[in-house]
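Colleague: model the structure of this input:
(2 chains)
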2 protein chains.
Amino acid sequence: MVSEQTMKQAMQAYIDAFNRSDVDGIVSLYADDATVEDPVGKAPLVGKARIGPFYKMAVATGAKLALAAPIRASHGNAAAMAFDVQLNMPQGRALIRVIDVMTFDATGKFASMRAYWGPGDMQLLGPA
Amino acid sequence: MVSEQTMKQAMQAYIDAFNRSDVDGIVSLYADDATVEDPVGKAPLVGKARIGPFYKMAVATGAKLALAAPIRASHGNAAAMAFDVQLNMPQGRALIRVIDVMTFDATGKFASMRAYWGPGDMQLLGPA
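Modeller: The predicted structure follows:
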């Protein structure tokens, strides 16, 4: 089983890679056959060939992530974190409040990511 | 599908019931056949007959919950929230940093609860 420390370091590396717009850095944290369900309730993306373009698009919005509370681990191969995303939308600058849950494979890569946020967790901050 | 508002209200009701040590109030938010995995990585409790005693024990620790960030919903029947728990342990007063993920049945009751926290998310605050 991966350690709490390994899981939290990978979650923090995800935040950091996002904030330097490093798509390759983000994708390198995932297992080859990982799944991404963002937001929860949509059909998951399966595999790096689908996950890469998703993050390329996300980074293109200028999205920056800030932890809202310390990252949580678990007693299993999973961890979770609450954060706020600021990004540019066609309507203007926006904030999305998100909780991501990651599961991990034996090598410490993300096996799955699920992003909990709904329409009501998004708000416009002002003009672009 | 249950609305974002219904899910967030139920999550807030969970926090509020905990903070008035209202075990019946907590358990009433669950579906009869619900599952509770707290912490994630342990075998889940299945059904209200198992869930009731779990919360009776939790409330007996004097546990009080405080949201660490606004509750998140999703585009499906699930929501998540980050909070801090203060409680009394044999070793003294303690803080546990938790993220709970709930799924909901069609009537707005919790179908499942998973609590993400690891040993490293717990810290002693001082003597009891």
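Colleague: report the contact partners of residue A:115.
Modeller: A:36-40, A:98-100 (CB atoms under 8 Å, 6 or more residues apart in numbering or on different chains). Any C-beta I mention is one placed from the backbone N, CA and C, and that applies to glycine too.
Colleague: again, 6 Å this time
Modeller: By CB atoms under 6 Å, 6 or more residues apart in numbering or on different chains, the contact set of residue A:115 is A:38-39, A:98, A:100.
Colleague: for chain A, what spans make up the helices?
Modeller: For chain A, the helices defined by DSSP state H occupy A:4-19, A:23-27, A:48-60.
Colleague: now residue A:5, nearest residue through space, not along the chain?
Modeller: Counting by CB to CB, 6 or more residues apart in numbering or on different chains, residue A:5 lies nearest to residue B:120, which is 7.4 Å off, once chain neighbours are set aside.
Colleague: the one you found and residue A:4, how far apart?
Modeller: 5 Å (CB to CB, to the nearest Å).
Colleague: between the two, tell me which one has more neighbours.
Modeller: Set residue B:120 next to residue A:4 and count neighbours by other CB atoms under 10 Å in any protein chain shown: residue A:4 wins out with 19 against 16.
Colleague: need the pLDDT of the closest residue to that one other than its chain neighbours.
Modeller: Using CB to CB, 6+ apart and skipping the chain neighbours, the partner closest in space to residue A:4 is residue A:73 (3.8 Å). On pLDDT, residue A:73 comes in at 98.
Colleague: number of residues surrounding residue A:73?
Modeller: Residue A:73 has 30 nearby residues by other CB under 10 Å.
Colleague: I'd say it and residue B:117 touch.
Modeller: No: checked against CB atoms under 6 Å, the pair residue A:73 and residue B:117 is beyond contact range at 7.2 Å.
Colleague: so what's the residue count around residue A:30?
Modeller: 24.
Colleague: which residues does the residue nearest to it when sequence neighbours are not counted form a beta bridge with?
Modeller: Spatial nearest neighbour of residue A:30, chain neighbours left out: residue A:110 (4.8 Å); criterion: CB to CB, 6+ apart. Beta-bridge pairing for residue A:110 (DSSP bridges): residue A:30, residue A:104.
Colleague: what about residue A:110, how many neighbours?
Modeller: Neighbours of residue A:110 (other CB under 10 Å): 24.
Colleague: do residue A:19 as well
Modeller: By other CB under 10 Å, neighbour count at residue A:19 equals 13.
Colleague: could you give the bridge partners of the residue most central in space within chain A?
Modeller: Closest residue to the average C-alpha location of chain A: residue A:100 at 5.9 Å, with CA atoms, centre = their mean. Residues in a beta bridge with residue A:100, per DSSP bridges, are residue A:81, residue A:115.
Colleague: mean confidence for stretch A:2-9?
Modeller: 97.
Colleague: which residues of chain A lie near chain B?
Modeller: Residues of chain A lying close to chain B (CB under 6 Å from any CB of the partner chain) are A:4, A:39-42, A:68-70, A:72-76, A:78, A:80, A:82, A:97, A:99, A:116-118, A:120-121.
Colleague: need the contact list for residue A:102.
Modeller: With CB under 6 Å, 6+ apart, residue A:102 has these contacts: A:79, A:110, A:113.
Colleague: from the residues you listed, which is closest to chain B?
Modeller: residue A:79 (6.6 Å; CB to the nearest CB).
Colleague: for the closest one, which non-adjacent residue is closest in space?
Modeller: Per CB to CB, 6+ apart, closest to residue A:79 is residue A:7, 4.1 Å.
Colleague: ok, residue A:25 next?
Modeller: Leaving aside its sequence neighbours, residue A:25 sits nearest to residue A:17 (CB to CB, 6+ apart; 3.4 Å).
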